[in-house]
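Participant: Based on what follows, work out the 3D shape:
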Amino acid sequence: MYTSIQELTKYRIFHYFSEVSRIPRCSGKEQQMSDYLVSFAHKHRLQVIQDEAKNVIIKKPATFGYEFAPTVIIHGNMDMVCEKNRDNPHDFNKDPLELRIEGDMLYATDTSLGADSGVAIAYALALLDSKHIPHPNLEVMLTTEEKTTMNGAKRIDPALLNGSILISIDAEEEGTLLVSSAGGVIAEFTIPIMYDKRQPDTVLYDIHIGGLKGGHSGGSIVKGRGNANILLGRVLQHCAEHFDYQLVHLRGGAKANTIPREAEATIAIERKHIPLIHSFIFKWDETLKKELDMADPEVYVQCTSSMRKGNNVFSQETMTKVITALTFMPNSVQSMSTEVPGLVQSSNNLGTMRTNSDHIMLKNEIRSSVYSLQEHISQQMKVLARLLQSRVIFHSEYPAWPYHPTSNIRSLCKKIYKETYNEEVTFVSTHAGIECGILVKKMDVDAVCIGPDIHNIDTPSEHLSISSTLKTWEYLLTILKEMNTM
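Facilitator: Numbers count the residues shown, from 1 in each chain. Model prediction:
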């Protein structure tokens, strides 16, 4: 076991993981990370390309004896989902991640770790830095905005790459090969706000839902975890059936592609209803703890006197539209695969809820491995928008990565794993949308996706197995070593 980050960084991959963890790289804000990679390439006298999307491609010639082996593209993304606990003052725009070790696990203190992208970058840099690792011609491709729009992969110019094999470092479980993934689209549901005046003799209260685990909506949607936005809608609907109140403000979730861990509503209630609201919230706290006792045992609902000011509240019509949308919006798993046991086929995640000056925005991510089912969920949202005299627009669509019956790189990976560890590697399809779908379609490459064990990804409790990271690194090196047999 390792007791300090300094001790761990004797391995080049963790040296670079530590370096990367000091550089801001929230999705959409990868400029510093992109420039760091360019600087690294120049320092090591390697050919480098930085495009307008801030994607970086670094090329390294083959070592002796591998000149005629297939050129391999090592792929990863440079951005991360920036999540932190509610009271953490960490500023992702400038503060380095505070890494810590617990047993075999590497954490960032009270923030997400960015492990999948961090490991991909660390592996890539260690390969480019190496002088003794045998390998074919390498093209390291690190993309931007993977966690949000996949805009980087969409803007990659395939003419810049010659590789016919793609090894993506974007999986989250050692001993598995990702071989297909879902497609998806972002859906922005907009409800216009009409305002009324706050009733006299009312006070403002905040209803807060928290304590949920959240997680990536591709990998964690099947785990039955609570969606704070949807749960808040249930609470607001129940309260509206039993006493009058006015809705003032709504906010929930952090990203469209993460299951929201927290949500909050500000309401105006008559003073005589204060004991009633406390009683209702106490009962809902008990109810949700029972409903989510296995998936989200730390869930809580609370209400407190609000610090907000002002006399404007949503009109009754607007409030009804909002609660109706939260009640009937498709959410969570919509269908399961009949071909792959346990695989989600289609889903929707109501990821964020924001109150703006003239509208409320409900941002969703729809996922499906079957395009017609993705379209069905989209149609449900369109019908709901028409009924509520609201609007929904769709953008940032990305394709599924279909399973191909034959794959030379997949066969090689399977053979090496069996020979090295005397175990069968597992082929896995994921409900997450990954860039392989875009890249395979764009470049017509033979692809696999690997990675070490990463837990609670994209949450403040995210952690990475150190031993698994080292094992997967050795596995990657063996794959590259055997490329001249293909």
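Participant: And L276, how close does it get to H238?
Facilitator: 12 Å (CB to CB, to the nearest Å). Bear in mind the C-beta positions are built from the backbone N, C-alpha and C, glycine included.
Participant: my read: F92 touches S27, true?
Facilitator: No: the criterion here is CB atoms under 8 Å, and F92 misses it with S27 at 10.3 Å.
Participant: From the neighbour counts alone, determine which of these two ranks first.
Facilitator: S27 (24 against 19; other CB atoms under 10 Å).
Participant: quick one on the thing from earlier: okay, and the common contacts of F92 and S27?
Facilitator: C82 (CB atoms under 8 Å, 6 or more residues apart in numbering).
Participant: Now do the same contact list for S4.
Facilitator: Counting by CB under 8 Å, 6+ apart, S4 has contacts I101.
Participant: And the pLDDT at it?
Facilitator: If you check S4, the pLDDT there is 91.
Participant: now stretch 267-275, how far from the chain's geometric center?
Facilitator: Relative to its parent chain, stretch 267-275 has a centroid offset of 39 Å by CA atoms, centre = their mean, to the nearest Å.
Participant: Quick one: residues in contact with it.
Facilitator: By CB under 8 Å, 6+ apart, stretch 267-275 touches 198-199, 201-205, 207, 236, 239, 243-248, 277, 313.
Participant: So how do I select the buried members of these in PyMOL?
Facilitator: With 16 or more other CB atoms under 10 Å as the criterion, this PyMOL line picks the buried residues out of the contacts of stretch 267-275:
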select buried, resi 198+202+204+205+207+236+239+245+246+247+248+277+313
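Participant: Can you pull out the residues in contact with stretch 414-426?
Facilitator: 175-177, 413, 475, 478-479, 482.
Participant: what do you get if the cut-off is 10 Å, keeping everything else the same?
Facilitator: 173-177, 179, 407, 410, 413, 427, 448, 450, 471, 474-475, 478-479, 481-482, 485 (CB atoms under 10 Å, 6 or more residues apart in numbering).
Participant: G65: neighbour count?
Facilitator: Neighbours around G65, by other CB under 10 Å: 10.
Participant: before we move on, what about I5?
Facilitator: 16.
Participant: For it, what are phi and psi?
Facilitator: phi -60, psi -40 (degrees, to the nearest 10).
Participant: How about it: what's its closest non-neighbour residue?
Facilitator: Leaving aside its chain neighbours, I5 sits nearest to L99 (5.2 Å; criterion: CB to CB, 6 or more residues apart in numbering).
Participant: in the sheet, who's paired with the one you found?
Facilitator: A108 (DSSP bridges).
Participant: Return the distance of it relative to S461.
Facilitator: 14 Å.
Participant: Those two: which is more packed in?
Facilitator: L99 (21 against 18).
Participant: thought that one was touching D110?
Facilitator: No: judged on CB atoms under 10 Å, L99 makes no contact with D110 at a distance of 12.0 Å.
Participant: Which residue would you name as the spatial centre of the chain?
Facilitator: Taking CA atoms, centre = their mean, the centroid of the chain lies closest to H216, which sits 4.4 Å from it.
Participant: Looking at the contacts of stretch 267-275, which are in strands?
Facilitator: Judged by DSSP state E, the contacts of stretch 267-275 include 202-205, 207, 246-248, 313 as members of strands.
Participant: Please identify which of those is nearest to Y300.
Facilitator: I207 (11.4 Å; CB to CB).
Participant: and the gap between that closest one and T287?
Facilitator: In terms of CB to CB, I207 sits 14 Å off from T287.
Participant: shared neighbours, these two?
Facilitator: What both I207 and T287 touch, as defined by CB under 10 Å, 6+ apart, is the set 235, 301.
Participant: need the contact list for Q31.
Facilitator: 24-25, 54, 144.
Participant: Got a PyMOL select line for the buried ones in these?
Facilitator: Of the contacts of Q31, the buried ones go into a single PyMOL selection, burial set by 16+ other CB under 10 Å:
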select buried, resi 24+25+54+144
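Participant: Turn the contacts of Q31 into JSON lines, columns for distance to K283, pLDDT and secondary structure.
Facilitator: Converted to JSON lines, the contacts of Q31 look like this (distance: CB to CB, whole Å; pLDDT from 0 to 100; DSSP: H, G, I helix; E, B strand; the rest coil):
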{"residue": "P24", "distance to K283": "43", "pLDDT": "96", "secondary structure": "coil"}
{"residue": "R25", "distance to K283": "43", "pLDDT": "97", "secondary structure": "coil"}
{"residue": "K54", "distance to K283": "50", "pLDDT": "98", "secondary structure": "coil"}
{"residue": "T144", "distance to K283": "46", "pLDDT": "98", "secondary structure": "coil"}
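Participant: ok, the contacts of Q31 vs L125, which is closest?
Facilitator: Among those, and counting by CB to CB, the member closest to L125 is R25, at 13.9 Å.
Participant: Now the closest one: closest residue in space that isn't a chain neighbour?
Facilitator: M33 (4.2 Å).
Participant: From the chain's centroid, how far away is the host helix or strand of F14?
Facilitator: In the assignment (DSSP states H and E), F14 maps to helix 12-20. Distance of helix 12-20 from its chain centroid, counting by CA atoms, centre = their mean, is 22 Å.
Participant: Tell me which helix or strand comes right after that helix.
Facilitator: Helix 12-20 is succeeded, C-terminally, by helix 31-43 (DSSP H and E).
Participant: Note down every partner strand of the next helix or strand after that following helix and its orientation.
Facilitator: Helices and strands here follow DSSP H and E; after helix 31-43, the next one along the chain is strand 47-50. Strand pairing for strand 47-50, determined by DSSP bridges: strand 56-60 (antiparallel).
Participant: Against which helices or strands is the helix or strand following the partner strand packed?
Facilitator: As assigned by DSSP H and E, the chain's next helix or strand after strand 56-60 is strand 72-77. For strand 72-77, the packing partners by 3 or more CB pairs under 10 Å, 6 or more residues apart in numbering; DSSP states H and E come out as strand 56-60, helix 115-129, strand 138-143, helix 151-155, strand 165-169, helix 436-443, strand 446-450, helix 466-481.
Participant: mind redoing it with 8 Å?
Facilitator: If contacts are counted by 3 or more CB pairs under 8 Å, 6 or more residues apart in numbering; DSSP states H and E, strand 72-77 sits against helix 115-129, strand 138-143, strand 165-169.
Participant: From the chain's centroid, how far away is it?
Facilitator: 19 Å.
Participant: rewinding a little: what residues are up against the residue nearest to the centre of the chain?
Facilitator: 81, 257-259, 432, 457-458.
Participant: C413 now?
Facilitator: Contacts of C413 by CB under 8 Å, 6+ apart are 177, 425, 448, 450, 479.
Participant: Let's have those in a markdown table, adding distance to S378, neighbour count and pLDDT.
Facilitator: Formatted as a markdown table, the contacts of C413 follow (distance: CB to CB, whole Å; neighbours: other CB atoms under 10 Å; pLDDT from 0 to 100):
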| residue | distance to S378 | neighbour count | pLDDT |
| --- | --- | --- | --- |
| L177 | 31 | 20 | 95 |
| V425 | 36 | 21 | 95 |
| V448 | 31 | 23 | 97 |
| I450 | 32 | 23 | 98 |
| I479 | 39 | 22 | 98 |
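Participant: picking up where we left off before, name the residues linked to the residue nearest to the centre of the chain by a beta bridge.
Facilitator: Going by DSSP bridges, H216 forms beta bridges with T258.
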